[in-house]
Each structure stands twice: as structure tokens, then as C-alpha cells.
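Peer 1: Sequence and predicted structure are below.
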Amino acid sequence: MLRIGLIEYANCTPIYHVIRQKFSCSGYEFVRGVPTELNSFLELGKIDVCPSSSIEYALHHDRYRILPDLSISSDGAVASVLLFSRVPIEELDDKEILLSSESATSVNLLKILMARRYKCNCRYVTTSLPLSDALLESPALLLIGDSALRASLLAVPTPYVYDLGAIWHDWTGLPFVFALWLCRIDVAENSDLKELAGQLIQTRLLLPEYYPEIAENALESSWMGSDRLLKYWRDNICYVLGKRELAGLVAFYEKCSELGLIASVPDLHFIDA
């Protein structure tokens with residue numbers, strides 16, 4: 001039984017919907033969690049494969065292999081990795097920024113952007129407070145996933161809302177890879193794992209055909225609306241890991257290394273699917 005991490009965010013909903021519809025999945029066990037939880041499960045061997053924070057590979061690349069041609073990324077605005085702030089981002093120097101406890105990659109992306117793009121020296125504190133309460137304590141809060149999407153739907157969420165995917169793209173000209181499909185190295189040669197990799201690539205190719213159907217029936221439509229959900233998948237989220245995405249991934253690792261967030265830029269090792 002192959003244990004697969006299942007992220008319950010709107011950006012992953014199409015993948016899990018289509019793979020379950022098109023393939024039997026009888027040999028798979030899906031384990032639910034937010035990205036930071038699933039990173040830990042993968043490291044501890046509680047799951048075998050999942051769409052994992054791209055920083056997780058850089059931190060423990062000796063333990064993992066990457067499934068080819070697959071990512072969760074954006075080539076511009078991502079819409080679900082947002083910095084909500086009471087002041088302009090340039091005025092956050094020497095200020096405290098609160099961070100979602102659900103994210104790993106986005107936290108490091110924010111640190112890079114603040115230090116290198118905006119030349120701001122900030123303090124970072126993890127919180128589970130909702131947006132309104134968090135902004136009573138600090139001038140800015142980073143939210144990801146559905147929490148960010150929900151907060152962005154508020155009539156007036158905060159005076160300033162910054163999309164980290166858009167800032168990265170404007171700064172580097174490259175896509176940003178938020179997650180890679182990773183497997184533990186001890187299952188990298190497993191035939192079931194290789195079959196899953198092929199199914200995921202077929203799923204990725206089928207997604208555009210299924211988006212309207214999924215948007216009509218997805219749970220997220222109840223609070224996001226099917227039209228907005230469809231636009232999010234079509235315009236903001238990318239599931240490809242091509243040359244430009246790989247260039248963006250390496251650029252991210254290089255900047256992480258420069259700031260001492262990782263020891264060094266890792267080589268990228270893929271399974272032979």
C-alpha cells in the first residue's frame with residue numbers, strides 16, 4: 001500500500017479529484033494534512049510520497065527523490081500566498097511579521113523578498129491567530145492556501161495585500177515552485193511509485209478538461225464560488241515542472257543559500273519514471 005499525502009487546499013483539489021476518477025487507486029492510502037504536517041510525515045516515514053514544500057527537498061535532499069514533470073507553482077500571481085499588511089511593504093523594516101504555521105516554502109520566500117528585494121530586516125514569529133487578531137499584534141501577517149484565499153475575499157481585508165508569487169516573478173522574471181512531488185528514497189524504485197508518477201502526469205494533462213466539472217462540485221465553491229475557483233486554477237496555479245520552473249526553483253535555492261536558510265544548493269535527483 002502506497003501512502004500518499006493529501007493536501008486539503010484548493011490548489012490541490014483538481015489533482016486528487018481527477019486521479020481518483022480516472023484510476024482505481026485501490027493500492028493507495030491517502031493521508032490528509034497541511035504542508036508542514038506532511039513534510040514531517042514524509043521525513044518520519046509515515047507517508048511515502050506527497051506534494052511537499054520545495055524547501056523540504058533542499059533541507060533533506062539526501063532522503064528524497066523528485067517525481068518528474070510535476071509541481072505546484074505559479075508564473076506570476078499565485079493568489080493564495082499573500083502578505084496582509086497595515087503599512088506599505090517598504091515600511092516593514094525592523095518590524096515583526098507574523099507567519100502562518102502551515103507553510104515552510106512561503107516563509108522562506110518571504111524572508112528572501114524582504115531581505116533582498118526590499119532591503120528590510122524583519123523579525124518573524126509563527127502564529128495561528130486569524131487575520132483580524134494577528135494585525136492587532138503586528139503590522140503584517142503571511143497567509144497561504146485556503147486561509148489566504150478566504151482572507152482575500154473580505155470586503156476590505158487590510159490596506160495592503162501583496163502576492164508573493166507576483167513579487168517574485170516581477171523581480172526575477174521566473175516562475176516560483178511552491179511544491180514538488182517528493183518520495184522517500186527507499187521507495188524511489190518501487191513499481192507502484194513509478195506507476196503513480198505516470199498517473200499523476202496523465203492527470204496533469206487532463207486537468208484543463210475537467211476544471212469546469214470540478215469547480216461546480218468542489219467544496220471550495222461554497223465559499224469561493226465556482227467562477228472564481230475556475231479562474232484560480234486556470235490563471236494562477238501551474239502543475240508543470242518544465243525548464244522555466246526548474247530555473248525558478250534553482251534561483252530560489254540559490255537565494256536561500258545566500259541568506260543561510262539552507263546549507264547549500266542541492267542537486268536535483270529525479271526518479272526514473
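Peer 2: On my side now, so go ahead.
Peer 1: List the residues that contact residue 183.
Peer 2: With contact set as C-beta atoms under 8 Å, 6 or more residues apart in numbering, residue 183 has these partners: 48, 49, 64, 65, 67, 193, 271. Where you see a C-beta, it was placed from the backbone N, CA and C, and this is true even at glycine.
Peer 1: Need the pLDDT of the last one.
Peer 2: The model reports residue 271 with a pLDDT of 96.
Peer 1: Check the burial of it by counting its neighbours.
Peer 2: By other C-beta atoms under 10 Å, 22 other residues sit near residue 271.
Peer 1: Please verify my assumption that it contacts residue 70.
Peer 2: No - look at residue 271 against residue 70 with C-beta atoms under 8 Å: they stay out of range, at 10.8 Å.
Peer 1: Pretty sure residue 198 sits in a helix.
Peer 2: Yes - according to DSSP: H, G, I helix; E, B strand; the rest coil, residue 198 belongs to a helix.
Peer 1: For it, give its distance to residue 19.
Peer 2: 11 Å (C-beta to C-beta, to the nearest Å).
Peer 1: Nearest to the spatial middle of this protein, which residue is it?
Peer 2: For the chain, the residue nearest the mean C-alpha position is residue 178 (3.7 Å; C-alpha atoms, centre = their mean).
Peer 1: sorry, back to before: list residues touching both of residue 271 and residue 70?
Peer 2: Contact criterion C-beta under 8 Å, 6+ apart; residues shared by residue 271 and residue 70: residue 197.
Peer 1: Where do the strands of the stretch 1-150 of the chain begin and end?
Peer 2: Secondary structure of the stretch 1-150 of the chain (DSSP state E, counting those that start in this stretch): strands at 2-7, 28-33, 49-53, 64-74, 81-85, 96-100, 123-127, 140-144.
Peer 1: what's near enough to touch residue 226?
Peer 2: By C-beta under 8 Å, 6+ apart, the neighbours of residue 226 are 215, 216, 218.
Peer 1: How many neighbouring residues does the first one have?
Peer 2: Right, residue 215. 24.
Peer 1: contacting residues for it?
Peer 2: By C-beta under 8 Å, 6+ apart, the residues touching residue 215 are 221, 226, 227, 229, 230, 233.
Peer 1: tell me the angle the helix or strand where the fifth one lies makes with strand 64-74.
Peer 2: Think residue 230. Using DSSP states H and E, the element containing residue 230 is helix 226-235. Between the axes of helix 226-235 and strand 64-74, defined by axes from the mean of the first three to the mean of the last three C-alpha atoms, to 10 degrees, the angle is 120 degrees.
Peer 1: pLDDT on helix 226-235, on average?
Peer 2: 96.
Peer 1: Check stretch 48-63 too.
Peer 2: Rounded mean pLDDT across stretch 48-63 is 95.
Peer 1: Next, the buried residues of it.
Peer 2: Residues of stretch 48-63 classed as buried under the neighbour-count rule (16 or more other C-beta atoms under 10 Å) are 48-61, 63.
Peer 1: any low-confidence regions in this protein?
Peer 2: Applying pLDDT under 70 to the chain flags residues 155-157, 273.
Peer 1: swap the cut-off to 90 and go again
Peer 2: Applying pLDDT under 90 to the chain picks out residues 8, 34-36, 100-104, 130, 132, 153-159, 217, 272-273.
Peer 1: Domain-wise, how is it divided?
Peer 2: 2-72+176-258, 81-172 (automatic domain parsing).
Peer 1: quick one, which of residue 198 and residue 19 is more surrounded?
Peer 2: Higher neighbour count among residue 198 and residue 19: residue 19, with 20 against 12, using other C-beta under 10 Å.
Peer 1: quick one, helices of the chain?
Peer 2: Along the chain, counting by DSSP state H, helices occupy 13-22, 35-44, 54-59, 105-112, 131-137, 145-152, 164-172, 191-217, 221-224, 226-235, 243-258.
Peer 1: Export those as JSON lines, with columns for distance to residue 86.
Peer 2: Shown next, in JSON lines, are these (distance: least, C-beta to C-beta, whole Å):
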{"stretch": "helix 13-22", "distance to residue 86": "32"}
{"stretch": "helix 35-44", "distance to residue 86": "26"}
{"stretch": "helix 54-59", "distance to residue 86": "27"}
{"stretch": "helix 105-112", "distance to residue 86": "16"}
{"stretch": "helix 131-137", "distance to residue 86": "6"}
{"stretch": "helix 145-152", "distance to residue 86": "14"}
{"stretch": "helix 164-172", "distance to residue 86": "18"}
{"stretch": "helix 191-217", "distance to residue 86": "33"}
{"stretch": "helix 221-224", "distance to residue 86": "25"}
{"stretch": "helix 226-235", "distance to residue 86": "26"}
{"stretch": "helix 243-258", "distance to residue 86": "27"}
